[in-house]
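A.B. asks: Just a sequence and a predicted model for now, questions to come.
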Amino acid sequence: MGRELLSKGFRRLDGYVRRAGFDLFDRSLKDLTAGLYFTKYPGTQHFAAEEIRDPSLKKLASGLDCLKVAADACYRALGWQKETSLQALLARGIEIQGHIEGVGWIHTKVAELAREQSVESFCREGLSINQLCRKLLEDRLVLASVNPGFQQGEDKKPRGGHFVIVYGFEWDGGKCAGFYVYDMLNSAGGEGFVSADAFRRAFSGRAIFVSVPWRAGEIRTQPLAWVEVDLTAICHNVAQLKNFVGRDVAIAAVVKANAYGHGAAQVARVLLENGAKMLAVATIDEAVCLRESGIRAPVLVLYGAPIWEAARIVEYDLETAVFDEDLPRALAAAARKHRKRISVHLSVDTGMGWYGLSFEEPRIVSLAKELQELPQLFLKGLFSHFANSSDDPAYTQMQLERFLGVVRRLEGEGIVIPFKHVSNSAAILRCPEAMFNMVRPGLVLYGLDPMGGGTDRNRIELRPALQFKTRIIQVRSLSRGEAIGYGSTYVVSRQTTIAILPVGYFDGIPRAISREGCVLVRGQRARIAGTICMNMMVIDVTDIPGVKRGDEAVLLGRQGSLCIGAEDIARAVGTISYEIVTRIAAHIPRVFTPSGECSAPC
């Protein structure tokens, strides 16, 4: 016990010495200009003080509140999908006497959350006020250890042991004037401004920093346009599909093109958690993005890769399509250097007319044998693509027979390949005999109908996961005879009320839907007026009472009892639903609702 107290005393002394050093030698923040630096992380009080009867737990509860607010802010900023239960954290804290361990335990939980999401988190002691300001400007969420109750002037309590969230500061005359903090023990309501002197007296010099990807103030800014992705719907769709194909058929979930515009990393996690065994993408860059987001599941690059990408395939432990000798040999050489074994899938063209070995190619058998003989490679799959499984069952059956012919040729030579996959979403539903032991669904995972309205709803229930929304930025009146938009092609025939939306074809709205489509405002359909511009569009809201600036407008999705589906827009412009959702621009922020347990079909 004496040794532990001595060690604790030395650590505290070391912190004070380092803090003094920072205060003495830290250079001022010369790059700052006079003004207000205010970035607010909104939060709510999850545990009122009176709810915690044990005085020794109040500090833990308030610290957990700060942790919850911090985590929530990061969830909104990063699209994190891991739910945090404050009650569970409190229970765990009581179990391991976290109220005694105090600051260290709270920091450990923040660090664990950060590591799980590949986000930087670290703790520093001996920090000066200027150092704290720097971290705020570096887009970091700061949890600072201070005296409990310091905002009430109780400065004589022992330093540290209580966390507050520092969400902004004022800079005046070349020095910090004070900080904006969120403090659960503040009887005045949690939030407040504390002078630099008061904060310096209360601050222990210890702080936790959690990196966020943009300036914290942007978290509370409402975007002009955004995409909402319902991960519970994704969960539901993959569960429905898993039940449909059966337990003996593996699902290789297609998440190419940013998961069809839905957000690849976030969607991929939900798919893997709910039954998918593999992910499939179009390019190496897409696969690398999944790896760098922390996904370790098998990822198949469907369209193969040039030989100069062999090293990256090996580095990131990817699986890839092959259809000649060059890439496999390059992969084997790269894998040999790293002492790895890489899985490959032999691609066969059965009537699609694009990449892959022709089903009639004599080299199929010799290439398969070479792949099996290379010790650094594992011939894991044989696959093809259906060209028109949604509309042409006869052609699909012909392709299936060609694929079966290749399987028979290989097996006749003693070549047995573990996985065979050829079915996309439409084929899964229309041609169950083609499922083999793996399928590659795409569109159905996102709740979109691969038959454009012909899916048998009694066989599988789909829930669209994506909604595209914006806000009205202006409402104004036009007199009869006035024109709207480029080319003046739309002339109003009466006194007309129009609303301006800050989105256009640059953001992913098809220009071809001008004057043909509509959006949803206040639960009613508002017709698009005039030609859609690059960054703007106009809608007619004359017959919708009460429309005002800031009202939500649904471009794709549901509002009230009405719905605009991707299939509806696709039919109006003569394209397919795939194009509608994948065209939504990458700069439009994706907002993810948490995934939960899959419920029964509605």
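C.D. replies: Thanks, I have it. Note that the structure is predicted; figures quoted are calculated from it, not measured.
A.B. asks: My guess is R525 contacts C518. True?
C.D. replies: Yes. Between R525 and C518 there is a contact under CB atoms under 8 Å: 4.4 Å. For every residue, glycine as well, the C-beta is placed using N, CA and C.
A.B. asks: Neighbour count: these two, which is higher?
C.D. replies: Ranked by neighbour count (other CB atoms under 10 Å), R525 and C518 place C518 first, with 19 against 15.
A.B. asks: Next up, the contacts around the more buried one.
C.D. replies: C518 makes contacts with R525, A526, R527, I528, I539, I564, as judged by CB atoms under 8 Å, 6 or more residues apart in numbering.
A.B. asks: Could you pull up the mean pLDDT of the host helix or strand of the third one?
C.D. replies: What that stands for is R527. Here R527, judged by DSSP states H and E, is contained in strand 524-528. Averaging pLDDT along strand 524-528 yields 96.
A.B. asks: from now on call the first residue 43
C.D. replies: Got it, the first residue is 43 from now on, which makes the last one we talked about strand 566-570.
A.B. asks: who does that strand pair up with?
C.D. replies: The pairing partners recorded for strand 566-570 under DSSP bridges are strand 560-563 (antiparallel), strand 579-582 (antiparallel).
A.B. asks: okay, the contacts of C560 in TSV with distance to M493 next?
C.D. replies: Below are the contacts of C560 laid out as TSV (distance: CB to CB, whole Å):
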residue	distance to M493
R567	25
A568	29
R569	28
I570	27
I581	31
I606	19
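A.B. asks: Now which of those residues would you call buried?
C.D. replies: Taking 16 or more other CB atoms under 10 Å as the criterion, what is buried in those is A568, I570, I581, I606.
A.B. asks: Can you tell me which of the residues you listed is nearest R166?
C.D. replies: Nearest to R166 among these: I606, at 50.3 Å, using CB to CB.
A.B. asks: Hmm, that closest one is touching L562, no?
C.D. replies: Yes. Assessed by CB under 8 Å, I606 is found in contact with L562 at 6.3 Å.
A.B. asks: intersection of neighbour lists for those two?
C.D. replies: What both I606 and L562 touch, as defined by CB under 8 Å, 6+ apart, is the set V596, G599, R600.
A.B. asks: So which of these belong to strands?
C.D. replies: By the criterion of DSSP state E, membership of the shared contacts of I606 and L562 in strands covers V596, G599, R600.
A.B. asks: Against I574, how distant is the second one?
C.D. replies: Looking back up the chat, that one is G599. 18 Å (CB to CB, to the nearest Å).
A.B. asks: and if you look at the first one?
C.D. replies: Going from V596 to I574 by CB to CB gives 16 Å.
A.B. asks: farthest pair in the buried ones among the contacts of C560?
C.D. replies: Across those, no pair lies farther apart than I581 and I606, at 12.5 Å, counting by CB to CB.
A.B. asks: any chance you could map the helices in the stretch 343-492 of the chain?
C.D. replies: 352-357, 368-380, 405-415, 435-454, 467-472 (DSSP state H, counting those that start in this stretch).
A.B. asks: How many residues are close by the residue lying closest to H380 once chain neighbours are set aside?
C.D. replies: Residue nearest to H380 in three dimensions, not counting chain neighbours: V356, with 5.6 Å by CB to CB, 6 or more residues apart in numbering. A count of neighbours around V356, defined by other CB under 10 Å, yields 22.
A.B. asks: and the gap between V356 and C331?
C.D. replies: 17 Å.
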